[in-house]
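*Asks:* Just a sequence and a predicted model for now, questions to come.
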Amino acid sequence: MQENNPAAAKKKPRLPAIEYIRGISMMGVIGIHVGSQYIGNPVSNIHLTALFEIFTRFSVPIFFFISAFGLFYNLDMENWSYSQFLKKRWKTVLIPYLVWSVFYLLHDNWLYGSGLPSPLYFCGILFFGVAKYQLYFLVLLLWFYLLMPLWVKLVKKLDMLWLIFLLGLQVMFDYWSSFSEPLNLFVYSLPDDSLLKPFFMYRLNYWVMHYIFIFVLGGWLAVHISEFQSFMKKRRMLVTCGFFLSMVSLLGYYYYLIGPKGYTQLEAINTAHQLCPVGIAYTICASLFFFTIFTYNNYPEWLRNLLHLLGKHSYFAYLVHPFFIGYLALAIQKSGHLMTAGIALGFYCIVLLLSVTSAAIMRKAGEALPLINALTIGVYKKTSQK
């Protein structure tokens, strides 16, 4: 996603790592959603499921990390305008969110006959971000934007000790929200027509508390960029080891749930996710790892171009990929084939290719007709400034 600070005191050097991480994260999100299709196969391979659903678990929270990093990197925290900030954020996130929500509601009604919601129900759909399963991320991002004065105050005041304390609170809150039996019993005991029930059922879609630490960490590291760069240079091996250790730990937890605990694959991936304690550690380590290798590792020109391409078109690809997943899944269903491992891998590659290609085509079309880019990804034609 594009993050350009509206209140920059001085333009700082561009950090390619932010763009590259966007692309990697988009690929991971597509993997998670393809994995959801794959586990519909009753004999799906547990290792391929782990690749789709566990290895990629950093993908959503790392978006919050780089979003905050991009926001704070050029922000003058002593002299910024909240109203101007929101005005720009509404253009880059709120308008595309509304456009894509309406698009998917109309499209799914046409394709699946799901029907169109009443005005009141439509407002609920927009509030919770459930017009399509990937859109909740934009709702959470909008809530983070609304609370920007709070994040500015936190980032200004926090030191390393308070960051560790915030991390501890994050782990406890996420564990309660994800695994508290009393909470789940309360939520599922509510009548289906209760107005309170959706506010708890969809809490992951709008409770920013689930991702406060990773967002604040991104902002804090951006403000302390010199110290962060020094840390990455001196501790590259430690960062790398931390990433692989946390990845192995999360994968080990998944295999433990399936093996000794006897969980199904679906139960395992719904337990070993990004909000469990080891999942939070994996997200933090992945954020530091990818930022480090994309900042200080040398890559051939073709790979840098590919990473740039994926990052540049990650926003549109993220928003459009369920469209292609839906049609490819219908095609496989009509053909009578099961989603085998080979088909699932091909499915992923095709969805990724179609999503990025369509993003590039629409971005190019938006150069001729700027309204396209404005409505779909919140990118506006640059105007000359005196």
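*Replies:* That came in fine, so what should we check first?

*Asks:* So what's the residue count around W162?
*Replies:* When neighbours are defined as other Cβ atoms under 10 Å, W162 has 13 of them. Heads up, the C-betas are built off the backbone N, CA and C, glycines and all.

*Asks:* List the buried residues of the helix or strand where it lies.
*Replies:* If you go by DSSP states H and E, W162 is part of helix 160-179. Residues of helix 160-179 classed as buried: L163, L166, L167, Q170, V171, F173, D174, S177, S178 (neighbour count, 16 or more other Cβ atoms under 10 Å).

*Asks:* for the residues you listed, which one is nearest N298?
*Replies:* L163 (30.9 Å; Cβ to Cβ).

*Asks:* give me every residue that touches that closest one.
*Replies:* L163 is in contact with F213, V216, L217, W220, counting by Cβ atoms under 8 Å, 6 or more residues apart in numbering.

*Asks:* Can you tell me what sits against stretch 178-193?
*Replies:* W176, S177, L196, K197, F200, M201, T271, H273, L275, C276.

*Asks:* how does it look with 10 Å?
*Replies:* Residues outside stretch 178-193 that contact it (Cβ atoms under 10 Å, 6 or more residues apart in numbering): 176-177, 194, 196-201, 203-204, 210, 270-271, 273-277, 279.

*Asks:* same thing with stretch 111-120?
*Replies:* If you take Cβ under 10 Å, 6+ apart as the criterion, stretch 111-120 is touched by 104-109, 122-126, 131, 323, 326-327, 330.

*Asks:* again, only using 6 Å
*Replies:* Identification of contacts with stretch 111-120 by Cβ atoms under 6 Å, 6 or more residues apart in numbering yields D108, N109, I125.

*Asks:* Check stretch 52-64 too.
*Replies:* Residues outside stretch 52-64 that contact it (Cβ under 6 Å, 6+ apart): 25, 28-29, 31-32, 34-35, 211, 214-215, 250-251, 254, 269, 273-274, 279, 282-283, 286-287.

*Asks:* cool, and stretch 266-284?
*Replies:* Contacts to stretch 266-284, defined as Cβ under 6 Å, 6+ apart, come from residues 39, 53, 57-58, 61, 171, 174, 178, 214, 246, 249-250, 253-254, 257-258.

*Asks:* That stretch: end-to-end distance?
*Replies:* Distance across stretch 266-284, first residue to last, is 24 Å (Cα to Cα, to the nearest Å).

*Asks:* before we move on, the earlier item: just to be sure, which of the contacts of L163 are found in helices?
*Replies:* The helices, defined by DSSP state H, take in F213, V216, L217, W220 from the contacts of L163.

*Asks:* Now do the third one against T283, distance only.
*Replies:* Yep, that's L217 we're talking about. 10 Å (Cβ to Cβ, to the nearest Å).

*Asks:* can you count the residues close to the nearest residue to M148 once chain neighbours are set aside?
*Replies:* Distances taken as Cβ to Cβ, 6 or more residues apart in numbering put F85 closest to M148, at 6.0 Å, once the chain neighbours are dropped. F85 is flanked by 19 other residues according to other Cβ under 10 Å.

*Asks:* With G70 instead?
*Replies:* G70 sits with 22 neighbouring residues when counted by other Cβ under 10 Å.

*Asks:* and the longest helix anywhere in the chain, which residues are buried?
*Replies:* The longest helix of the chain (DSSP H) is helix 341-368. In terms of neighbour count (16+ other Cβ under 10 Å), helix 341-368 has its buried residues at 341, 343-344, 347-348, 351-352, 354-356, 358-359, 362-363, 366.

*Asks:* circling back to that earlier point, in helices, which of the contacts of stretch 111-120 fall?
*Replies:* With helices defined by DSSP H, the entries of the contacts of stretch 111-120 inside them are D108, N109, I125.

*Asks:* of all those, which comes closest to T376?
*Replies:* Looking across the ones in helices among the contacts of stretch 111-120 and measuring by Cβ to Cβ, the closest to T376 is D108, at 17.8 Å.

*Asks:* Just the pLDDT at the residue nearest to that closest one when sequence neighbours are not counted, thanks.
*Replies:* Spatial nearest neighbour of D108, excluding adjacent residues (Cβ to Cβ, 6+ apart): S114 at 4.8 Å. On the pLDDT scale, S114 is placed at 84.

*Asks:* Repeat that for M1.
*Replies:* Confidence score, pLDDT, at M1: 46.

*Asks:* can you check the one 3 residues further on too?
*Replies:* On pLDDT, N4 comes in at 43.

*Asks:* and the most centrally placed residue in the chain, how far is that from Q265?
*Replies:* Centroid-nearest residue in the chain, with Cα atoms, centre = their mean: V60, separated by 2.7 Å. Distance, V60 to Q265, by Cβ to Cβ: 20 Å.

*Asks:* Next: H47.
*Replies:* Using Cβ to Cβ, one obtains 11 Å as the distance from H47 to Q265.

*Asks:* Between the two, tell me which one has more neighbours.
*Replies:* A count of neighbours by other Cβ under 10 Å puts Q265 above the other of H47 and Q265, at 21 against 12.

*Asks:* Hmm, T49 and the more buried one touching each other?
*Replies:* Yes. Assessed by Cβ atoms under 6 Å, Q265 is found in contact with T49 at 5.1 Å.

*Asks:* list residues touching both of these two?
*Replies:* Joint contacts of Q265 and T49 (Cβ under 6 Å, 6+ apart) are I39.

*Asks:* Checking my notes, the residue nearest to D108 in a helix, right?
*Replies:* No. Remark: S114 does not belong to a helix; assigned using DSSP: H, G, I helix; E, B strand; the rest coil, it is coil.

*Asks:* Could you list the buried residues of the very next helix or strand once past the longest helix of the chain?
*Replies:* Using DSSP H and E, the helix or strand that follows helix 341-368 in sequence is helix 370-377. Using 16+ other Cβ under 10 Å as the test for burial, helix 370-377 gives I372, N373, A374, L375, T376, I377.

*Asks:* With that, I have no additional questions.
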